[in-house]
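Undergrad: With the input below, show me the fold.
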Amino acid sequence: MNAERPLHLWPSICLSAVLCAVLPAGRVAHAAGAAPSVWEISPYKIHFMLAFAPEPELTPRLRQQVEARVLERAEKVVGAGWDLSIEAAPAEIVPGMLRSLARLPIEDLPAMLVESEVDKLILAVVRLTDRGGYEIEARDYDLHARLTGSPVVRPVPQRELLADEVFQAVLLAFAPLARIDDVEDKQVKLRLRAGSLPTIDPEISFTGPGSVFRAVRRFNDREGKLRKLMPIEWTLLVVDQVQVMEAEVACTIYSGLRSPLTGRSRGRDERLAMLVRPTGGTTQIELQSRMLGDDPKTVRPLAGYAIYAHPAGAPQTTLIGRTDGDGKLAIPADASPVRILLVKHGGEPLARLPLIPGLEPHLKVEVADDDQRLLAEGIINGFQERFVDLIARRQVAFAQIRARLEESKPAEAKTLLDAVRGLGRQEDLINEIRIQKQQAVSDDRRIQKKIDKLFDDTQEVVIRYLNSTEIDKLESEIAAKLKGG
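TA: Numbering: from 1, shown residues only. Next up, the predicted model:
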């Protein structure tokens, strides 16, 4: 009978067989009603590599026992979602692993590892502590998205606990990967890799409300190999809801970019997101001016810029501080994992930057050099104060002139009117504005546009409120009074 089945039915038959093999009975009906894609039933191919510090008690036999325990626990706890294999770490990366996985970027890994056919590389290292115990550090290196997960550090007081604690560190370090599906305004849906392959232990959940993903765009060649990778900077996706049965995650987008996830994934273009976990600590922000053209000499630190912050989803902002002479400021962790930074200068908002403090120790931020605009704003504010005083004095003088006319004292009214003309003429003030505008020059076109608007708006106010209409009217009335007298 198998030979009589139409060929086009084989993909769905195979998919149903796979789902029946890996899903509990309660989930097969869902799969039959809305079969997930291959992405959602594809397990992660993971290489696990463990390094021991060169200590007498950390023996090769102990390492074999730990590796065997990790493999056993992964099969019994995680199940079909992980295709886990264990390999020895190449000698060239062991020193870097022993120093710190937090300071071992994916770019420093050997090409043979990064270009291998696995999805993830999870590195773990065991060290001795000064107190006689042990410390485990683990980190997830996603080779498909070329992103690194948050490092996990766990203290272990006893040698007998090492095997299970190494597995717990691996479990915590594992960072799910997702495809960015639907994007609408500030909302996005993710499809989790292996999301339709449930863990054997139902208590294990790799993501939930409040979890955070960061995004990247991967461009492949015709053979599916990486051609270009484009991280989507200053963009974080905060989970609102997880549909476990559909392997779907609903998120809110927080970004410093106007349209960070525009367009749709087509063909060889993949939009991906990877889970990141807060690590605590601080991130040092370094504000720099944007490079103009290709001249690095145009870049300079921006000192005295105010940085405010508010939690994701909460509008109330607090001042963290101002950048020092080098343009630097430390951003501490908060109760909320994601902090939205607002960079201001002289009250002018310049940047909106979502951040997980501690995830990166140091970040450079390029914003517009706003000093020239602030200088222009000071000039305009001084001019506006003088202008408001001028208008007020003119109005007082006009009231006095009308009073003299009502008292039939046109000569005194004429004297007052002559004094009004001496307060300031429209053409003189406009000429002053034009001279100041010519001197307020910025090399940044966007800043120059703001400067020009300051002076243009002020000039319009002068034209509107400092005209000769009232003076001409009073002059005619005074002339009529003098002629009649």
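Undergrad: any weak-confidence spans in this structure?
TA: 1-36, 263-267, 293-294, 485 (pLDDT under 70).
Undergrad: thinking Glu92 is in contact with Leu109, fair?
TA: No - contact criterion Cβ atoms under 8 Å: Glu92 and Leu109 do not qualify, at 9.3 Å. C-betas here are computed from N, CA, C, even on glycine.
Undergrad: Which one's more surrounded, the two?
TA: Neighbour count, other Cβ atoms under 10 Å: between Glu92 and Leu109, Leu109 has more, with 20 against 11.
Undergrad: who touches that one in this structure?
TA: For Leu109, the contact set (Cβ atoms under 8 Å, 6 or more residues apart in numbering) comprises 93, 121, 141.
Undergrad: How far does stretch 375-388 sit from its chain's centre?
TA: From the chain centre to the centre of stretch 375-388 is a distance of 36 Å (Cα atoms, centre = their mean, to the nearest Å).
Undergrad: Equivalent analysis for stretch 462-478, please.
TA: 55 Å.
Undergrad: Now do the buried residues in it.
TA: The neighbour-count check on stretch 462-478 (16 or more other Cβ atoms under 10 Å) flags 462, 466, 471, 474-475, 477-478 as buried.
Undergrad: Kindly report the same for stretch 242-257.
TA: Using 16+ other Cβ under 10 Å as the test for burial, stretch 242-257 gives 242, 244-256.
Undergrad: Next step: these restricted to strands.
TA: 242, 248-255 (DSSP state E).
Undergrad: ok, which stretches of this protein are helices?
TA: For the chain, applying DSSP state H gives helices covering 10-22, 25-33, 38-41, 60-73, 94-99, 111-114, 162-173, 371-406, 410-421, 426-439, 445-465, 469-484.
Undergrad: With respect to burial, which of these scores highest?
TA: Highest mean neighbour count among these (mean count of other Cβ atoms under 10 Å): helix 162-173, with a mean of 21.
Undergrad: That one to helix 60-73, inter-axis angle?
TA: Counting by axes from the mean of the first three to the mean of the last three Cα atoms, to 10 degrees, helix 162-173 lies at 50 degrees to helix 60-73.
Undergrad: Need the contact partners of helix 162-173.
TA: Contacts for helix 162-173 (Cβ under 8 Å, 6+ apart): 48, 50, 62, 65-66, 69-70, 73-74, 77-78, 122, 124, 126, 134, 136-140, 149-154, 156, 204, 277.
Undergrad: got a list of what Arg154 touches?
TA: For Arg154, the contacting residues are 135-137, 165, 168-169, 172, by Cβ under 8 Å, 6+ apart.
Undergrad: what sits opposite it in the beta ladder?
TA: In this entry, Arg154 is beta-bridged to Ile136, by DSSP bridges.
Undergrad: What separation is there between it and Leu172?
TA: Remark: distance between Arg154 and Leu172 (Cβ to Cβ, to the nearest Å) = 8 Å.
Undergrad: now swap in Thr318 and tell me
TA: Distance from Thr318 to Leu172, by Cβ to Cβ: 31 Å.
Undergrad: got it, and Pro43?
TA: In terms of Cβ to Cβ, Pro43 sits 19 Å off from Leu172.
Undergrad: And for Glu57?
TA: From Glu57 across to Leu172, the span is 24 Å (Cβ to Cβ).
Undergrad: Next: Pro311.
TA: Where Leu172 is concerned, Pro311 sits at a distance of 24 Å (Cβ to Cβ).
Undergrad: buried residues in stretch 80-90?
TA: Neighbour counts over stretch 80-90 (16+ other Cβ under 10 Å) mark 80-82, 84, 86, 89 as buried.
Undergrad: Closest to Leu161 out of the residues you listed?
TA: Ile86 (19.6 Å; Cβ to Cβ).
Undergrad: hey, what's that closest one bridged with?
TA: Taking DSSP bridges as the rule, Ile86 bridges to Phe48.
Undergrad: mind listing what it touches?
TA: For Ile86, the contact set (Cβ under 8 Å, 6+ apart) comprises 47-50, 67, 70-71.
Undergrad: Run through the residues that contact the nearest residue to Phe455 once chain neighbours are set aside.
TA: In space, and not counting its chain neighbours, Phe455 is closest to Lys437: 4.0 Å by Cβ to Cβ, 6 or more residues apart in numbering. Counting by Cβ under 8 Å, 6+ apart, Lys437 touches 451-452, 455.
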